[in-house]
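Q: sequence-free structure coming up:
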């Protein structure tokens, strides 16, 4: 009987799930719509049905030992989702671990999606064997999962790792969090798009990106333009890497990680983003840190990183025999 | 037979030592000159003699179980002092733990002085019972010791916690580390003195501090002036707290600690420094962190914090039964 964990990644649009074995292979990967405008009860019924379905579909016989969930604003310390903007209909304070435990009768551990991604890299990806490492997810926003002494840093309140909201510039770009000048307004798929529009303004157009509307532009288009040596797109990547590099130098002064691992949509640009990030980080490091810190991209291939990360959380806590933190 | 650790704090000028019992009481506190221009062999002989002397002086019979040392640029991971500017005659790469173990035949653990201070606060001071807390030492420079999940963050190379060298301002004040605009050039006993001279320049004097030369001014004089409502001194504290508060908001986004504990010379100014720091930190926190993070001053009274911190390091590692990390 093979032991697996159930990894669940809850997003505003879709919820992905699958069984994760001890080697990091995902079995029965699937997805259901979250329907975040309906009540949590309906979601739980649909989730339970989907898990039952998956169990039947998989031929190999498996024992699920624990459940890991990655979700926006999920607090490891109490098992709740707190004030998640994309899951408003569920309420401000959702005892998710409690509900899922009641529905599926297994220990449930939850954390936010970037923390889950970090645990996935730590157990199965580019962070394997590292005790001090930071995973940066570059999607719509910038998330991060911080590993210190081999453990996820959760902070006293469960909300550590909000690197997307360190300050780049006083009175800078408007951020969704209510502040101005946060890192994610510059460095994320959305951030680089904003930068392209700044560059188009400065260059008075003069780019293949001049004929794309704000709502239509995405990171993949900017990467493609940069690969075709479009000056505006190249400058946008340099600017994005500069800001990320400067701020990561500050992060090194905090925690001196062996590496940063970039994941998510914008990280698919590869060297276009890693090279300027590395260059400007090095320029801004204090001498004792120079030449020591790697900038890597995700080491997870052939698996959904979000499911794998959630499954990795469950594996970690199951092996430590941690009592689930489940508040009602 | 009472168990104690031997706490040693090595500075460029003096080396302080004493026996630390499990309740955080220091016995036989004393000090010897470091004589950092002489060889390490001479220092080790004098240190050994001093320890023998202390053992004889103390009437209560004690067993020393381990030695903890706080020293500049001391690396926990290998027991070495690496490139310490104030201890140049000892060499660039001093296997201190190895030497002290050979001389005193006890397990030896070393770390830098700010990390030792953090462990002292964690075991015996204002950080007791907290799992996530950051100690900031405001002396000649700004040091820090970061506690995550109840453990000291050392980083992959042993040099985590260099908060004095996060960037406040590109191309800002010249820093001893070789960079410009580092936090400690603004926030430290030296930093506030530099700020007073900037304010004197802007106000064209007009302060009780106008008649003090740069070399003679210290943090205590600035505190006294501020307590007497000198406008320049008050503005200097507000400016210092503003910069510290803004940068600590970034640190909260990393690690979400329950508290920052300010120690060292400038922290003796009490509310003059904690109040503006708290105010500007709060203004710059993202909403989920607001109102949660305390700004405290040291909880260590009636003991030398440097000796206590080094002794606390030894207690921590002795209790965990950590094999000392001793490279030759």
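A: Structure received. Note that this is a predicted model, so its numbers are computed, not measured.
Q: When you work out contacts or count neighbours from here on, use the C-alpha atoms and nothing else.
A: Noted.
Q: Now do the helices in the stretch 1-150 of chain A.
A: A:40-57, A:96-104, A:113-124 (DSSP state H, counting those that start in this stretch).
Q: Return the set of buried residues in the helix ranked longest in chain A.
A: In chain A, taking DSSP state H as the definition, the longest helix is helix A:231-255. The neighbour-count check on helix A:231-255 (16 or more other C-alpha atoms under 10 Å in any protein chain shown) flags A:232-255 as buried.
Q: Which residues of chain A lie near chain B?
A: By C-alpha under 8 Å from any C-alpha of the partner chain, the residues of chain A that approach chain B are A:131-132, A:148-149, A:153-163, A:165-167, A:177-179, A:249-258, A:284, A:286-287.
Q: now those: which count as buried?
A: So, of the residues of chain A next to chain B, A:131-132, A:148-149, A:153-163, A:165-167, A:179, A:249-258, A:284, A:286 end up buried under the neighbour-count rule (16+ other C-alpha under 10 Å).
Q: what bridges to residue A:67?
A: Here residue A:67 sits in beta bridges with residue A:6, residue A:108, as judged by DSSP bridges.
Q: tell me, how many neighbours does it end up with?
A: 30 (other C-alpha atoms under 10 Å in any protein chain shown).
Q: try the one 4 residues further on
A: A count of nearby residues for residue A:71, using other C-alpha under 10 Å, gives 27.
Q: so who does the most centrally placed residue in chain A touch?
A: Geometric centre of chain A, nearest residue: residue A:114, 3.0 Å, by C-alpha atoms, centre = their mean. Contacts of residue A:114 were listed using C-alpha atoms under 8 Å, 6 or more residues apart in numbering or on different chains, and they are A:70, A:135-137, A:143-145.
Q: Any chance of a markdown table for the residues you listed, columns neighbour count and pLDDT?
A: A markdown table is the format used below for the contacts of residue A:114 (neighbours: other C-alpha atoms under 10 Å in any protein chain shown; pLDDT from 0 to 100):
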| residue | neighbour count | pLDDT |
| --- | --- | --- |
| A:70 | 31 | 96 |
| A:135 | 31 | 97 |
| A:136 | 28 | 97 |
| A:137 | 27 | 95 |
| A:143 | 24 | 95 |
| A:144 | 27 | 97 |
| A:145 | 27 | 97 |
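Q: Read off the pLDDT value for residue A:169.
A: We have a pLDDT of 94 for residue A:169.
Q: That one touches residue A:179, doesn't it?
A: No - the criterion here is C-alpha atoms under 8 Å, and residue A:169 misses it with residue A:179 at 10.6 Å.
Q: what is in contact with the two at once?
A: The contact lists of residue A:169 and residue A:179 share no entry, where a contact means C-alpha under 8 Å, 6+ apart.
Q: quick one, phi psi at residue A:199?
A: phi -70, psi -40 (degrees, to the nearest 10).
Q: count of residues packed around it?
A: Neighbour tally, residue A:199, other C-alpha under 10 Å: 20.
Q: name the helices or strands packed onto the longest helix of chain A?
A: Identification of packing neighbours for helix A:231-255 by 3 or more C-alpha pairs under 8 Å, 6 or more residues apart in numbering or on different chains; DSSP states H and E yields helix A:189-203, helix A:219-227, helix A:271-284.
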